[in-house]
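Colleague: Build me a model:
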Amino acid sequence: MRITEVKERTPLLIEQLLKVWENSVRKTHLFLSDNEILNIKKYVPEAFMNISHLIIAEDENNCPVAFMGLENQVLEMLFLSPEERGKGLGKKLIQYGIENYSINELAVNEQNPLAKGFYEHMGFQVYKRTDHDEQGNPYPLLYMKLN
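Modeller: Okay, here's the model as predicted:
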C-alpha cells in the first residue's frame, strides 16, 4: 500500500476517487437515501479539486482504495473502499496526516457511530455538536479535536 499526496488531479483519478467515495458512503452512511447520495455526489469532484491536500492510498495495481482531504490542519474527508475497512489503512492515513500535516480537528456525522469510535480510538474527542450538517441538512455533526 502506497500513501502519497496527489499533485495532478486528473479526470481519471477524480473518477476513481468518486467510486471509492460512493462505495464507502453506501456502506457507512446508512442514514442517507439513494437520492441524497446521488445529489451529494454531484459536488464531490469539486471538493476533490479544491481541497488543499488530497492524500491517496493505492493498492499494488496503483489504483486508489482510500483517500483523505486536508485543509488547515483539519481532516475534511476520509473514505476507504469497503473491502479495505478493518485492515489498518484508516489508521495509517490518520497517522500520516498527523505526522505530515499536523491534523488536529475533524467533523463526523453523529449517525456514523463506527467512524466516531474510530476517531476516538485515534485520540480525537468531541468538543461540539450541531443539529445540522454544513449544508443545513438535518444530519447532526460532531466536531472532534485531537488530544
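Colleague: Going by C-alpha atoms from here, please, whenever you check contacts or count neighbours.
Modeller: Fine.
Colleague: tell me the centre residue of this structure?
Modeller: The centre of the chain sits closest to Leu78, judged by CA atoms, centre = their mean, with a distance of 1.6 Å.
Colleague: Name the helix or strand for that residue, please.
Modeller: Per DSSP states H and E, Leu78 falls inside strand 74-80.
Colleague: Where is the longest helix in the protein?
Modeller: When the chain is parsed with DSSP state H, its longest helix is helix 11-28.
Colleague: If you count contacts, what does the strand or helix carrying Leu106 end up packed against?
Modeller: Here Leu106 is covered by strand 105-109, with elements defined by DSSP H and E. For strand 105-109, the contact count by 3 or more CA pairs under 8 Å, 6 or more residues apart in numbering; DSSP states H and E identifies strand 74-80, helix 113-121, strand 141-146 as packing neighbours.
Colleague: As JSON lines, the ones you listed with mean pLDDT would be great.
Modeller: Formatted as JSON lines, the helices and strands packed on strand 105-109 follow (pLDDT from 0 to 100):
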{"stretch": "strand 74-80", "mean pLDDT": "96"}
{"stretch": "helix 113-121", "mean pLDDT": "93"}
{"stretch": "strand 141-146", "mean pLDDT": "97"}
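Colleague: and these as TSV, adding distance to Gln135?
Modeller: Formatted as TSV, the helices and strands packed on strand 105-109 follow (distance: least, CA to CA, whole Å):
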stretch	distance to Gln135
strand 74-80	14
helix 113-121	20
strand 141-146	11
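Colleague: partners of the strand holding Leu78, with directions?
Modeller: Sheet pairing of strand 74-80 (DSSP bridges) gives strand 64-71 (antiparallel), strand 105-109 (parallel).
Colleague: what distance separates that strand from the centre of its chain?
Modeller: Centroid separation between strand 74-80 and its chain, computed with CA atoms, centre = their mean, to the nearest Å, is 3 Å.
Colleague: With stretch 60-75 instead?
Modeller: The chain centroid and the centroid of stretch 60-75 are separated by 8 Å, computed with CA atoms, centre = their mean.
Colleague: First residue to last residue on that stretch, what's the distance there?
Modeller: 25 Å (CA to CA, to the nearest Å).
Colleague: what comes up buried for it?
Modeller: Pro64, Val65, Ala66, Phe67, Met68, Gly69, Leu70, Gln73, Val74, Leu75 (16 or more other CA atoms under 10 Å).
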